[in-house]
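Enquirer: Provided below are the primary sequence and the corresponding predicted coordinates.
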Amino acid sequence: MVYSSELIKGTLKTIVLKLLADNKKMYGYEITQRVREVSGDRIHITEGALYPTLHALEADKLVTTEVEYIGKRMRKYYSLSPAGKAATRERVKELSAFMQTMALLLDIQPKTV
Amino acid sequence: MFPITEQHIDFVVRDLDANGIKTPDLQQNLLDHICILAERDLAEGDDFYGYYRLVISSFYKEELAEIEAETRFLLRHRRPWLLLSRAQFLCGLFVILVGPFIAFGLLWLIRMGRLPLQVWGGTLIFMQFPFLVWLVIALTPERYDPLLPKGSKVLLGWRPFISIL
């Protein structure tokens, strides 16, 4: 089952920031593939959602960029800035608390492994 | 691996531009993404242009320009400091409007050793203006504007500023 884009939209920044925290530097395509891999193909980040988000994170100075030229085309690598590292911790904490609240609200029993 | 040529790159950039992707960085990001997909999925001799048409349509819901619009929207609304609480807005207004009077009064006091009644009076009268604005905001029912959350935010921009005045 692939989760709907509406569910993912509000968490996209957090997902991207956390991936960058775990992988040092990544480019757009790499991020989409990594998300598919880690989520067991249940989360598909569309290009139309990812690139605007990356631009917003860059404008907020939460990520820094590095450019690599492959012939005539340009590949942009994104990595976390110091402010981005702090923001990631905050956002992950907030999302985790939110998920716990949602579990309570929807009366979902957490799975025991 | 499918060889991407300069003609392919020029074609993609032109098409992105013609379909509303105007931000150069965004163009380059999408171009790289498309090239990687083509290199991954196509074999030498395959039709790049047909593949491009197929792939690019999976990037958006209705039109490609959505991605540009979304980017611009996120960039425009990215600064939370543009949203001020009522208290912050009024403090800012107070500092901007009354601050120069107080500074002028203090400088006068330092230089002359005393402050004439007119300067005090002028400052006190002008201080009423932010309070009048506060009164307008405080007496405006929050339910009047459904877009403003409870505990109200004031968007610092020309439109609300002019409407308050």
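Expert: Sure, I can see it.
Enquirer: Residue 87: how many residues sit nearby?
Expert: Because you didn't say which chain, this covers chain A. Neighbour count for residue A:87, taken as other CB atoms under 10 Å in any protein chain shown: 21. All C-beta atoms are positioned from the backbone trio N, CA, C, and that covers glycine.
Enquirer: could you do chain B instead?
Expert: By the criterion of other CB under 10 Å, residue B:87 has 10 neighbours.
Enquirer: Residue numbers of chain A in contact with chain B?
Expert: Residues of chain A lying near chain B by CB under 8 Å from any CB of the partner chain: A:27-29, A:46-49, A:51-56, A:59-60, A:70-76.
Enquirer: Where helices are concerned, which of these count?
Expert: Those of the residues of chain A next to chain B mapping onto helices are A:28-29, A:47-49, A:51-56, A:59, per DSSP state H.
Enquirer: and the lengthiest helix in chain A with helix A:47-59, angle?
Expert: Ranked by residue count, the top helix of chain A under DSSP H comes out as helix A:82-105. Taking axes from the mean of the first three to the mean of the last three CA atoms, to 10 degrees, one finds helix A:82-105 and helix A:47-59 inclined to each other by 130 degrees.
Enquirer: For the top helix by length along chain B, buried residues please.
Expert: Assignment by DSSP H gives helix B:86-112 as the longest helix of chain B. By 16 or more other CB atoms under 10 Å in any protein chain shown, the buried positions in helix B:86-112 come out as B:89-90, B:93-94, B:98, B:101, B:105.
Enquirer: Next secondary structure element downstream of it?
Expert: helix B:117-139 (DSSP states H and E).
Enquirer: Now do that following helix: which elements does it pack against?
Expert: Where contact means 3 or more CB pairs under 8 Å, 6 or more residues apart in numbering or on different chains; DSSP states H and E, helix B:117-139 is packed against helix B:86-112, helix B:158-164.
Enquirer: Switch these over to TSV; also include mean pLDDT.
Expert: Formatted as TSV, those follow (pLDDT from 0 to 100):
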stretch	mean pLDDT
helix B:86-112	82
helix B:158-164	54
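Enquirer: how about those, which one is nearest chain A?
Expert: Chain A lies closest, by CB to the nearest CB, to one member of the helices and strands packed on helix B:117-139: helix B:86-112, at 20.1 Å.
Enquirer: tell me the angle the closest one makes with helix B:117-139.
Expert: Using the same axes, to 10 degrees: helix B:86-112 against helix B:117-139 is 180 degrees.
Enquirer: Pretty sure residue A:68 sits in a strand.
Expert: Yes: using DSSP: H, G, I helix; E, B strand; the rest coil, the assignment for residue A:68 is a strand.
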